[in-house]
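Participant: Model the following, please.
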Amino acid sequence: MLRLIPFLIFLILIGPIFAGLMHMFGPAFSHAPMLGIDKISLNAFFDFFNMPGIFISIWLSFWIGLVTTLISLLLVILFVAGFFGTRIYDVFSSVMRPVVAVPHAAAAFALAFLIMPSGFFIRLVSPELSGFSRPPDWLVTNDPMGFALLFGLVIKEIIFILLVVMVALAQVEKRYFKVAQTLGYGKIWGWLVTVFPKIYKQIRLPILAVIAYSTSVVDVALILGPNSPPTLAIKIIRLMNDADLSMRLVGAAAAVVQLMVTLLALLTWLIGEKIVAHFGKKLALSGFRLQKDFVLKLVGISGVGGAIFLIFLGLGFLAIWSVAGYWAFPDILPQNFSFNNWIKQSPQLIDVAFRAINIAFFASFISVILVLFMLENEYRRQIRLPKFGAVILYMPLMLPQVSFLFGLSILLLWFGIDGTISSVIFVHIIFVLPYVYLLLVDGFHGIDIRLLKVAKTFGKSNWRIFFSIRLPLLLRVILMGFALGFAISIAQYLPTLLIGAGRVPTITTEAVALASGGNRRLIGIYALVQSLIPFIIFALAAIIPALVWRNKEALK
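Facilitator: Down below sits the predicted model:
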């Protein structure tokens, strides 16, 4: 039965993507029998490219996706290379874990409340110094160049890339960290020459996933902008929701273009890899050592530390807004506090939060079970996931969601299973499972195999060994994988909105919907709850192993 698990996972991941793409490509080329149109043509593409500002939307999606990934990766590399093995690195890695649980939408709200013209940073400057007695007329969020969106994505992707790098570093032999320094290299350059090439092979697919996400993000773009024109993904959402059904064909064409834009961004990155590797190799062979790298270390720690600090500070500001009474500009704090909004919103808040928890629990639980069985199959057959398998595993993350979710929603509508919690859970698994695998794979295969062989010599069956030895040893890793999957599921906006057909509201869909309303107190409440739910799960994932193994120091 275990041998069927990889094929089951393949069907779960690839089946919906393929079906969704097929049901998107048809309408894109004007083949839509449900609308009485079945003649293949390029009219939808012509109508799309004739729309005002569309090329700006395409350019925004392209450059923001690439630059977000580049900046985030560079800052993480400079930090890790400069501080790996130090007390600062350990502190940052511990502080970072709660930030991993913060959904992108909540982080975007947190940043918006800090940098907007009436936000916390402006309030810190007294009217005597700034001359502002009212919020300045600055277009900070929703700026047409998309810098606010870029900033918001960078501070969140830094955390994700740092997590991926930390997981990859656990597989690198310690001697590589010392070789370059003994030859007189600076810490950063020596790390780049000896360690980075080894871990980049492991983090490449997650990096490509960051590019795909950043080129097609919806929830963060709805919160931070730009609006006129918006990014391509937002344009697609508007076209698909247009009352004129013929605009669905244009929206389908736009979704195909979004797929091409993302693929072009991925191709650009892969070409950039070759160029950087070529010149990096030449530079390494030239004897360049970069012994004075204090400035680079400062840039790295400022970038990573700044991202963590801004998210925590923004969440604190959201918490204040959630209980704020009258709060005039430029007062730093409100004149009074009130829990009336929490009380008024509690019935709806409990409803959407419970629904989100329900979906996230089952999506994460099923993903963990499938991944564990797949890894057990790898162990018993003495094989590891090939590169092709890894590409398939990460494919849902490397394709823009808008390129296939609309088509998938149409397919589910035909089968009459759209708008149900079970269909939403199924689609969440598509995006949760790759992250769970990323966190579990190294821990699973890192168990001392001698323990398993000893059990085998005592006549224990494979399943007995799996349940009585392997799972207890992996308790902490399994719970952290579940917590990460839970956080990923909680953060899913577009899959919940489209596959749920608007009938499965969760804390995330409601929070993003509030972005257009401007009620900061309600936004503060929903964004705060959206962050607290996965944070509690991460906390439990850290506490439970310590309690279960309180008498076994090595297993805590």
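
Participant: mean confidence score for the longest helix seen in the chain?
Facilitator: Identified as the longest helix of the chain according to DSSP state H is helix 340-381. Mean pLDDT, computed over helix 340-381, is 91.

Participant: Off-centre distance for that helix?
Facilitator: 16 Å (Cα atoms, centre = their mean, to the nearest Å).

Participant: Can you tell me the closest non-neighbouring residue to Ala170?
Facilitator: On the basis of Cβ to Cβ, 6 or more residues apart in numbering, the spatially nearest residue to Ala170 that is not a chain neighbour turns out to be Asp442, at 6.0 Å. For every residue, glycine as well, the C-beta is placed using N, CA and C.

Participant: Quick check: the one you found touching Gln171?
Facilitator: Yes - here Asp442 lies in contact with Gln171, judged by Cβ atoms under 8 Å, at a distance of 5.9 Å.

Participant: outside of the very next helix or strand once past the longest helix of the chain, which residues touch it?
Facilitator: Using DSSP states H and E, the helix or strand that directly follows helix 340-381 along the chain is helix 387-398. By Cβ atoms under 8 Å, 6 or more residues apart in numbering, the residues outside helix 387-398 that reach it are 6, 9-10, 13-14, 17, 205-206, 208-209, 212-213, 262, 266, 385, 430-431, 433-434, 437.

Participant: Could the C-alpha coordinates of helix 387-398 be exported in CSV?
Facilitator: Coordinates of each C-alpha in helix 387-398 appear next as CSV, following Å, rounded to 0.1, in the frame of the first residue of the first chain:
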residue,chain,number,x,y,z
LYS,A,387,14.7,15.9,-9.0
PHE,A,388,11.6,15.3,-11.2
GLY,A,389,9.6,14.3,-8.1
ALA,A,390,10.8,17.4,-6.3
VAL,A,391,9.7,19.6,-9.2
ILE,A,392,6.2,17.9,-9.1
LEU,A,393,6.1,18.4,-5.3
TYR,A,394,6.7,22.1,-5.5
MET,A,395,4.8,22.7,-8.8
PRO,A,396,1.7,24.1,-6.9
LEU,A,397,4.0,26.7,-5.4
MET,A,398,5.8,27.5,-8.6
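
Participant: CA atoms only: put stretch 108-125 into PDB for me.
Facilitator: Output of stretch 108-125 as PDB, limited to C-alpha atoms (Å, rounded to 0.1, in the frame of the first residue of the first chain):
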ATOM      1  CA  ALA A 108       0.800  43.500   5.300                       C
ATOM      2  CA  PHE A 109      -1.800  45.100   7.600                       C
ATOM      3  CA  ALA A 110       0.900  45.500  10.300                       C
ATOM      4  CA  LEU A 111       3.200  47.300   7.800                       C
ATOM      5  CA  ALA A 112       0.400  49.500   6.400                       C
ATOM      6  CA  PHE A 113      -0.500  50.700   9.900                       C
ATOM      7  CA  LEU A 114       3.100  51.700  10.400                       C
ATOM      8  CA  ILE A 115       4.000  53.500   7.200                       C
ATOM      9  CA  MET A 116       0.600  55.100   6.100                       C
ATOM     10  CA  PRO A 117       0.400  58.900   6.400                       C
ATOM     11  CA  SER A 118      -1.500  58.600   9.600                       C
ATOM     12  CA  GLY A 119       0.500  55.600  10.800                       C
ATOM     13  CA  PHE A 120       2.700  55.000  13.800                       C
ATOM     14  CA  PHE A 121       5.900  56.400  12.300                       C
ATOM     15  CA  ILE A 122       4.400  59.700  11.400                       C
ATOM     16  CA  ARG A 123       2.800  59.900  14.900                       C
ATOM     17  CA  LEU A 124       6.200  59.500  16.500                       C
ATOM     18  CA  VAL A 125       7.300  62.800  15.000                       C
END
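
Participant: how far does that stretch sit from the chain's center?
Facilitator: With Cα atoms, centre = their mean, you get 23 Å for stretch 108-125.

Participant: Please apply the same query to stretch 187-202.
Facilitator: Using Cα atoms, centre = their mean, the distance from the centre of stretch 187-202 to the centre of the chain it belongs to is 24 Å.

Participant: do stretch 43-51 as well
Facilitator: 31 Å.

Participant: Which residues does that stretch contact?
Facilitator: Contact with stretch 43-51 is made by 27-30, 54-55, 235, 249-250, 252-254, 256-257, as judged by Cβ under 8 Å, 6+ apart.

Participant: try it again with 7 Å
Facilitator: Ala28, Ser30, Ile54, Leu249, Val250, Ala252, Ala253, Ala254, Val257 (Cβ atoms under 7 Å, 6 or more residues apart in numbering).

Participant: of the residues you listed, the lowest pLDDT goes to which?
Facilitator: Ranking these by pLDDT, Ser30 lands last with 75.

Participant: In what element of secondary structure is that one found?
Facilitator: Per DSSP H and E: nothing holds Ser30, as it lies in no helix or strand.

Participant: do you know how far Leu475 is from Ala539?
Facilitator: Taken as Cβ to Cβ, to the nearest Å, the spacing of Leu475 relative to Ala539 amounts to 16 Å.

Participant: if we can go back for a sec, neighbours of the residue nearest to Ala170, just the number please.
Facilitator: Neighbours of Asp442 under the rule other Cβ atoms under 10 Å: 14.

Participant: hmm, back to that, run through the neighbouring helices and strands of the longest helix of the chain.
Facilitator: helix 5-28, helix 421-445, helix 475-491, helix 507-513, helix 520-548 (3 or more Cβ pairs under 7 Å, 6 or more residues apart in numbering; DSSP states H and E).

Participant: picking that back up, just the buried subset of the contacts of helix 387-398, please.
Facilitator: Those of these that meet the buried threshold are 6, 9, 13, 17, 205-206, 208-209, 212-213, 262, 266, 385, 430-431, 433-434, 437, by 16 or more other Cβ atoms under 10 Å.

Participant: residue ranges with poor pLDDT in the stretch 201-350 of the chain?
Facilitator: For the stretch 201-350 of the chain, the stretches flagged by pLDDT under 70 are 291.

Participant: Helices along that one, start to end?
Facilitator: For the stretch 201-350 of the chain, the helices defined by DSSP state H, counting those that start in this stretch cover 219-224, 232-240, 247-285, 294-322, 340-381.

Participant: Off-centre distance for the fourth one?
Facilitator: Remark: helix 294-322 is offset 18 Å from the chain centroid, using Cα atoms, centre = their mean.

Participant: What are the buried residues along it?
Facilitator: Those would be 296-297, 299-301, 303-305, 307-308, 310-311, 313-315, 317-322, for helix 294-322 by 16+ other Cβ under 10 Å.

Participant: circling back: quick one: the residue nearest to Ala170 and Leu471, what's the gap?
Facilitator: In terms of Cβ to Cβ, Asp442 sits 16 Å off from Leu471.

Participant: now Gly53
Facilitator: 54 Å.

Participant: returning to what we had before: how about the contacts made by the residue nearest to Ala170?
Facilitator: By Cβ under 7 Å, 6+ apart, the contact set of Asp442 is Val167, Ala170, Gln171.

Participant: How many residues are close by Phe18?
Facilitator: 15.

Participant: Same check on Gln335?
Facilitator: Taking other Cβ under 10 Å as the definition, Gln335 ends up with a neighbour count of 10.

Participant: Residue ranges in the stretch 451-556 of the chain under the pLDDT threshold?
Facilitator: 552-556.

Participant: before we move on, the earlier item: could you rank the contacts of stretch 43-51 by neighbour count and give me the top one?
Facilitator: In terms of neighbours by other Cβ under 10 Å, these top out with Ala254 at 33 neighbours.
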